[in-house]
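Student: Compute the structure for the input listed below.
(3 chains)
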Amino acid sequence: MIDFEFHSPTSLDEAFGLLDQYGDDARVMSGGTALVLMMKQRLAQPGHVIGLRRIPGLASVASDGNGAVRVGALCTQRQMETDPLIRQSLPLVADTYRKVATPRIRNMSTVGGGLVHGDPNQDPPPSLIALGASVVLSSKGGERIVPVEDLFIDYFETDVQPGEILTSVLIPQAPAGSGAVYLKFLPRTADDYATVSVAAIVDADESNNCRDVRIVLGASGVTPIRAKAAEDLLRQRPLTEENIRASAAAVIGEVDPLDDFRGSADYKRQMAEVFTRRAVTQSLAAGR
Amino acid sequence: MGKAVPLHDWAAISCHAMTRSITLGGFAKSGISQIREGWKMDHRIKFKVNGTDHDLEVPARRMLVDCLRYDLGLTGTKEGCSVGVCGACTVLVDGQMVASCITLAVTADGADITTVEGLAQDGKLHPVQQAFIDHGGFQCGICTPGQVIAAKALLDVNPDPTEEEIKDWMMGNLCRCTGYYGILESVKNAARVSQEAGR
Amino acid sequence: MKLENRCLVPASVDKTWALLLDIPQVAPCIPGVQDVISDGENRFKAVMQVRIGPVRLNFSGTISVVEQDKEKGEARFHIEAADRRVGGSIRADLTMQITSISPEETEMLIVSDTVFMGKIGELGQPIIRRKANSTLQDFARNLAKQAQS
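Tutor: This next block holds a predicted model:
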């Protein structure tokens, strides 16, 4: 690893000042798992690393008073798995973060760091997108709010602009009575990224009609993909097996997976259909 | 190479995990070492390891595992994969398991660290260490410090874990020798012994 | 890696040909290319900043015009560039073929054969392929805009 200077600002203002000062030559680090790995391989070579761990107020989990939960960017992924408030009001989130890598990695990596990294194979984004979560991007000039659905632009590329730091995520609850499930297809090792993953939320009424549905796929393209066409085939329609099958089949045209050692693009496309079908079916069952 | 491995994924190949080992000179220079003139390369850190206070200066790029092994001479912690996947480098930082091979030493400033050397008390082995000896928890021993630390961390928060809970917790600690059954037995028995001793 | 991209340039075949061989004008149509300076007959030096996934690359290298045949409407270029910091390089052979569609429209076919060496190769073929394609498509779009002005 090339030599660099490590900074530990104790306030956001100080961090913004450092980002301003060093510009392109600086990288922000929270948990550091992704950044340190890239630096070890010399794929990232910042002269200055700005560590956020000493900045107070960025690691809390609290209800926002409106049915949503605000999570600080420095909350570890382990916290998301174990925090009582998350487990109680956002069980989909707790269940999704539990599936990331290993407990040791979850102790180190953070909610904000994971989102800013922009890796399309990650577990949390599909579930956060399905719930309609949004992030707060803070900078010297103020704040802006970006839905997680719009945060991912391309392969490892997010909408975070130079000088911005992701400071919190606001996660609304799933509709009352709905079922939510995150399925991770792991044909290889248990600590791997998904070959394909699906987050589904199904809100059904008493006559088994679909009031609303969310289907979001991970590891199926250069960003997480919200399968809108598949959703449209279910929304306001009876949740029959036939309709669910048709909806899952539509997913094939919406994903754009990459060929890699986890499978060919074609295989992943077919698995996307299978796991969408399972996710919707299981969400429906979970809601009843 | 057959199929190209995306850069972020090669860390997940466990077959690479156990074949690397770091040598004494390894930490000093990785390829081209470009010292940038006039920059503060030495960062002062203070932390506690196994109850002893330390105050030292390290370059920012020093990994915690290298700091523990070479700056402090605590070679109990091993480095297996160097990418945070295999668990051999597991140490406890403020009670939490971390992969010391991808932890910058500078981020451990102010922390309370436990390594495998700190488990025995007054010459008596920790129940987990004793259980690993009594129940075949290791063969070559390279993954053992990480396994033992992870097991201790588990019993600290969950003194009576089920088999599922043990497997879930320890899933990040890879072993090439034992096939894991010996490790599982050791952790189960360590839990039992600790419970009986009322610890 | 072999790629083929086609685009429509809203200009006459003559104007397109002139633009194509004016390297200092046409090279910056590739997103990220700048500082194009002459380095001898039919040779130019340039730098290119590009981002592939999480990796930011800073290439510096040369573009040479290897062959030009105005009658056939074919020109061949050779590009060699390296990023010493990351430790990767590329070597590309580009063939551009232009055909007149109408007095104010020309079709351009870009056939490229690129070799990626060093760290860049580690990023994985699918991602590099996508990036290369999108770069060529952006190039074509920018070229079309240039031709219009």
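Student: For residue A:147, name its beta-bridge partners.
Tutor: residue A:134 (DSSP bridges).
Student: buried ones in the biggest helix by length in chain B?
Tutor: Secondary structure of chain B per DSSP state H: the longest helix is helix B:181-197. Neighbour-count burial for helix B:181-197 flags B:182-191, B:194 (criterion: 16 or more other Cβ atoms under 10 Å in any protein chain shown). C-beta here means a position set from N, CA and C on the backbone, and glycine is covered the same way.
Student: do the same with stretch A:184-204
Tutor: Quick answer for stretch A:184-204 (16+ other Cβ under 10 Å): A:184-186, A:188, A:191-204.
Student: now swap in stretch A:209-229 and tell me
Tutor: Buried positions in stretch A:209-229, judged by neighbour count with 16+ other Cβ under 10 Å: A:210, A:213-227.
Student: go on, stretch C:134-149?
Tutor: Buried, per 16+ other Cβ under 10 Å, within stretch C:134-149: C:135-136, C:139-140, C:143-144, C:146-147.
Student: what do you get for stretch B:168-181?
Tutor: B:168-176, B:178, B:180.
Student: what do you get for stretch A:156-165?
Tutor: Under the neighbour-count criterion of 16+ other Cβ under 10 Å, stretch A:156-165 has A:156-160, A:164-165 buried.
Student: between the buried residues of helix B:181-197, which is closest to residue A:39?
Tutor: residue B:183 (32.2 Å; Cβ to Cβ).
Student: rewinding a little: let me have the buried residues of stretch C:134-149 in CSV, adding distance to chain B and pLDDT as columns.
Tutor: CSV is the format used below for the buried residues of stretch C:134-149 (distance: Cβ to the nearest Cβ, whole Å; pLDDT from 0 to 100):
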residue, distance to chain B, pLDDT
C:135, 19, 88
C:136, 20, 86
C:139, 25, 88
C:140, 27, 85
C:143, 30, 87
C:144, 33, 84
C:146, 35, 83
C:147, 37, 81
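Student: Max pairwise distance over these: which two?
Tutor: Spatial extent of these (Cβ to Cβ) is set by the pair C:135 and C:147 at 18.5 Å.
Student: Residue A:83: neighbour count?
Tutor: The tally of other residues near residue A:83 (other Cβ atoms under 10 Å in any protein chain shown) stands at 20.
Student: looking at it, it is touching residue A:61, isn't it?
Tutor: Yes - counting by Cβ atoms under 8 Å, residue A:83 touches residue A:61, with 5.0 Å between them.
Student: which neighbours do the two share?
Tutor: residue A:75 (Cβ atoms under 8 Å, 6 or more residues apart in numbering or on different chains).
Student: May I see the buried residues of stretch C:134-149 arranged in JSON lines, with distance to residue A:268 and secondary structure as well?
Tutor: Output for the buried residues of stretch C:134-149, formatted as JSON lines (distance: Cβ to Cβ, whole Å; DSSP: H, G, I helix; E, B strand; the rest coil):
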{"residue": "C:135", "distance to residue A:268": "25", "secondary structure": "helix"}
{"residue": "C:136", "distance to residue A:268": "25", "secondary structure": "helix"}
{"residue": "C:139", "distance to residue A:268": "30", "secondary structure": "helix"}
{"residue": "C:140", "distance to residue A:268": "29", "secondary structure": "helix"}
{"residue": "C:143", "distance to residue A:268": "35", "secondary structure": "helix"}
{"residue": "C:144", "distance to residue A:268": "35", "secondary structure": "helix"}
{"residue": "C:146", "distance to residue A:268": "39", "secondary structure": "helix"}
{"residue": "C:147", "distance to residue A:268": "40", "secondary structure": "helix"}
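Student: Check what pLDDT whichever residue of the stretch 101-250 of chain A sits closest to chain B gets.
Tutor: Of all residues in the stretch 101-250 of chain A, the one sitting closest to chain B is residue A:102 (2.8 Å; Cβ to the nearest Cβ). On pLDDT, residue A:102 comes in at 95.
Student: Tell me who's in contact with it.
Tutor: A:191, B:85, B:87, B:171-172.
Student: Phi, psi for it please.
Tutor: phi -130, psi 160 (degrees, to the nearest 10).
Student: Looking at the buried residues of stretch C:134-149, which is nearest chain A?
Tutor: Among these, and counting by Cβ to the nearest Cβ, the member closest to chain A is residue C:135, at 12.4 Å.
Student: Let me know the pLDDT of residue 175.
Tutor: All of this is about chain A. The model's pLDDT for residue A:175 equals 95.
Student: was after chain B, sorry
Tutor: Reading off the model, residue B:175 has pLDDT 97.
Student: Which residues are in contact with the closest residue to it other than its chain neighbours?
Tutor: Spatial nearest neighbour of residue B:175, chain neighbours left out: residue B:143 (4.7 Å); criterion: Cβ to Cβ, 6 or more residues apart in numbering or on different chains. Each residue near residue B:143 by Cβ under 8 Å, 6+ apart is listed here: B:18, B:78, B:80, B:86-88, B:173-177.
Student: Fine by me, we can end here.
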